[in-house]
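> Let's see this in three dimensions:
(one chain, ligands or ions: 1)
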Amino acid sequence: MPYTHLIFDFDHMLFDTDQSEALSFQHALRSHGVADPEPLLGHYQRINQGLWREVEKGTISPNEVKSQRFATLAAEADLPYDPEAVAESYTAGLCDHGELYDGAGELVMSLADTFTLAMVTNGLGPVQRGRLDRIGLGGVFEPLVISGEVGVSKPRPEIFQLVFDAFPDTPRSNFLMIGDSLTSDVAGGRNAGIDTCWYDRHGANESPEEPTHRIESISDLCSLLNDDS
Ligand SMILES: [Mg+2]
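Got it, this is the predicted structure:
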């Protein structure tokens, strides 16, 4: 059956989250007395990724990540700043920095003519809503389900159920989950009983999670959906 309802991931799928985080990190640390934050970025990213893996496992909440990552960095790199204050600046900066990947906005708007678009994203509510509004995609994805607002994260099936609840007459076979993360998006879609499309950004090709479809560029999604219909 052709897909009618597309559930998008946001970070690293449509939005250049690496760019957003790097610019926000540098801005936040500079404004709290760290003269040269750039060499600390890799260290911070390892801490942050580790904490988001804990969110996927359900051991901590998305909102705990917000300050914990800066507290851990301060402890490990011996930085004198107030982690809570840096976390506030960083979170505000995440809304202000970062752009869509080339072609992603045009792709979404063209798909919106044919498909119902929803989004399920692991993140903080104000950050994700602020970004979507700033880049002109506010209101395009309905429902927009954000883990920090609903208290459950991908890959748990309960977060996908919130999308299904909005379309009670639509069979599961009409939904397609599209994302770059094997652990959140592909595993999540499978847990929820729907087909998945893995955006294999790095050309890894092999996946233990066995997505239904695999694309290597955002534009491949159009051909996939046209072939399917
Ligand atoms: Mg992602």
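> Now the terminal residues of stretch 120-137, how far apart.
By Cα to Cα, to the nearest Å, the extent of stretch 120-137 from end to end equals 14 Å.
> list the buried ones in it?
Under the neighbour-count criterion of 16 or more other Cβ atoms under 10 Å, stretch 120-137 has 120-125, 127-132, 137 buried. (Glycine included, C-beta is placed from N, CA and C.)
> how about it, does it get close to the ion?
No: using Cβ under 5 Å from the ion, we find that stretch 120-137 stays clear of the ion, coming within 7.7 Å at best.
> May I have the residues that are in contact with the spatially most distant residue from the centre of the chain?
No residue in the chain sits farther from the centre than Pro80, which is 30.5 Å out by Cα atoms, centre = their mean. Listed by Cβ atoms under 8 Å, 6 or more residues apart in numbering, the contact set of Pro80 reads 33, 74.
> name the element it belongs to?
Secondary structure assignment for Pro80, by DSSP states H and E: no helix or strand.
> Same check on Arg131?
Using DSSP H and E, Arg131 falls within helix 125-134.
> now do Pro155
Here Pro155 is assigned to no helix or strand, by DSSP H and E.
> Kindly report the same for Gly203.
Applying DSSP H and E, one finds Gly203 in no helix or strand.
> circling back to that earlier point, which among the buried residues of stretch 120-137 gets closest to Gly151?
Using Cβ to Cβ, Gly125 comes nearest to Gly151 of the buried residues of stretch 120-137, at 11.0 Å.
> ok, and the closest non-adjacent residue to that closest one?
Take Gly125 and drop its neighbours on the chain: the residue closest to it by Cβ to Cβ, 6 or more residues apart in numbering is Glu149, 4.1 Å away.
> Confirm that neighbour sits in a helix?
Yes: judged by DSSP: H, G, I helix; E, B strand; the rest coil, Glu149 forms part of a helix.
> need the contact list for His213.
By Cβ under 8 Å, 6+ apart, the neighbours of His213 are 176, 195-198, 224.
> Put together JSON lines for the residues you listed, with distance to the ion and secondary structure on each row.
Formatted as JSON lines, those follow (distance: Cβ to the ion, whole Å; DSSP: H, G, I helix; E, B strand; the rest coil):
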{"residue": "Leu176", "distance to the ion": "15", "secondary structure": "strand"}
{"residue": "Asp195", "distance to the ion": "17", "secondary structure": "strand"}
{"residue": "Thr196", "distance to the ion": "13", "secondary structure": "strand"}
{"residue": "Cys197", "distance to the ion": "12", "secondary structure": "strand"}
{"residue": "Trp198", "distance to the ion": "11", "secondary structure": "strand"}
{"residue": "Leu224", "distance to the ion": "18", "secondary structure": "helix"}
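> out of those, which are buried?
For the contacts of His213, buried by 16+ other Cβ under 10 Å: 176, 195-198, 224.
> and the closest residue to Ala192 other than its chain neighbours, which of the three is it?
Excluding the flanking residues, the one nearest Ala192 by Cβ to Cβ, 6+ apart is Phe160, at 3.6 Å. Following three-state DSSP, we place Phe160 in the helix state.
> Please tell me I have it right and Phe160 contacts Arg190.
No: here Phe160 does not reach Arg190: they are 10.3 Å apart, not a contact under Cβ atoms under 8 Å.
> what about those two, which has more around it?
Phe160 (25 against 18; other Cβ atoms under 10 Å).
> With that, I have no additional questions.
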